[in-house]
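K.L.:
no sequence on this one, just coordinates:
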């Protein structure tokens, strides 16, 4: 039976029983299917449209984790929460313990003590999901960046291209993400002794060994 894709209008020959089974129109590809689904879930067509918090079936009790591994809490009433009403848990922990820190680190907004935006919270053990107060310290933005830079070393190939970042003796695939498990770039084929991951080229190995040696001296 001749019919048409509801999205791109491509002509299709579909068996009649398949057409009867599809309520919202036939699509010709996954791309068109995705567009159809997106249109169907807009506005009033979405049975959860406008429902927030516990009224929404996707609600996770106000606690979630972002792509970098930081814990976010749903606190729409917080003066510095983001557009979705979430606020980073580690900053909230610091604010609840503000008496343990110098007063110049904080502001008072609408009667609530908040950590100034110019200050960062550092996770001492490098686990950004560990928000115990004993694992947190406050740095200004510049000092915090400098601290993390001291723990990293950029590795470049003989053409000057960045091929990895060494952090605490391990190579990370994504330099911009601090909270990741150690791994090696997949483009290099030789094996690491005692491991199934791959090793950098000889230039990178030398840089890695130098970094590890310097860390041992620091310890």
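P.N.:
Good, I have the coordinates. As the structure is a prediction and not an experimental result, all values here were calculated from the model.
K.L.:
so where's this structure shaky on pLDDT?
P.N.:
52-54, 57-60, 167-219 (pLDDT under 70).
K.L.:
Which residue ranges of it form strands?
P.N.:
2-4, 11-13, 63-65, 71-74, 86-88, 106-109, 112-115, 119-123, 136-140, 152-156, 162-167, 170-172 (DSSP state E).
K.L.:
who are the neighbours in contact with the spatially closest residue to residue 11 that is not a sequence neighbour?
P.N.:
Closest residue to residue 11 apart from its sequence neighbours, by CB to CB, 6 or more residues apart in numbering: residue 4 at 5.9 Å. From N, CA and C alone the C-beta is placed, and that goes for glycine too. Residues near residue 4 by CB atoms under 8 Å, 6 or more residues apart in numbering: 10-12, 26.
K.L.:
What separation is there between the residue most central in space within the chain and residue 128?
P.N.:
The chain has residue 67 as the residue nearest its centroid, 1.6 Å off, counting by CA atoms, centre = their mean. Using CB to CB, to the nearest Å, residue 67 is found at 11 Å from residue 128.
K.L.:
Can you add distance to residue 38 and give the strands of the chain back as CSV?
P.N.:
Compiled in CSV, these are given as follows (distance: least, CB to CB, whole Å):
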stretch, distance to residue 38
strand 2-4, 19
strand 11-13, 20
strand 63-65, 23
strand 71-74, 25
strand 86-88, 24
strand 106-109, 38
strand 112-115, 37
strand 119-123, 37
strand 136-140, 40
strand 152-156, 40
strand 162-167, 36
strand 170-172, 35
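K.L.:
Report the residue ranges of every domain in the protein.
P.N.:
Annotated domains of the chain cover 2-45, 53-147, 151-218 [automatic domain parsing].
K.L.:
Out of all residues in the chain, which is the farthest from the middle?
P.N.:
residue 1 (47.4 Å).
K.L.:
Wait, that one touches residue 14, no?
P.N.:
Yes: the pair residue 1 / residue 14 is scored as a contact, 5.9 Å apart, by CB atoms under 8 Å.
K.L.:
Now list whatever residues contact both of those two.
P.N.:
What both residue 1 and residue 14 touch, as defined by CB under 8 Å, 6+ apart, is an empty set.
K.L.:
one step back: looking at the strands of the chain, which is nearest to residue 146?
P.N.:
strand 136-140 (8.8 Å; CB to CB).
K.L.:
so how far is the first residue of stretch 4-15 from its last?
P.N.:
Start-to-end span of stretch 4-15 (CA to CA, to the nearest Å) is 12 Å.
K.L.:
If you count neighbours, what's buried in it?
P.N.:
5-7 (16 or more other CB atoms under 10 Å).
K.L.:
now those residues as CSV including distance to residue 39?
P.N.:
Converted to CSV, the buried residues of stretch 4-15 look like this (distance: CB to CB, whole Å):
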residue, distance to residue 39
5, 13
6, 9
7, 8
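K.L.:
What segments of the chain are helices?
P.N.:
16-21, 30-40, 89-96, 141-150, 202-218 (DSSP state H).
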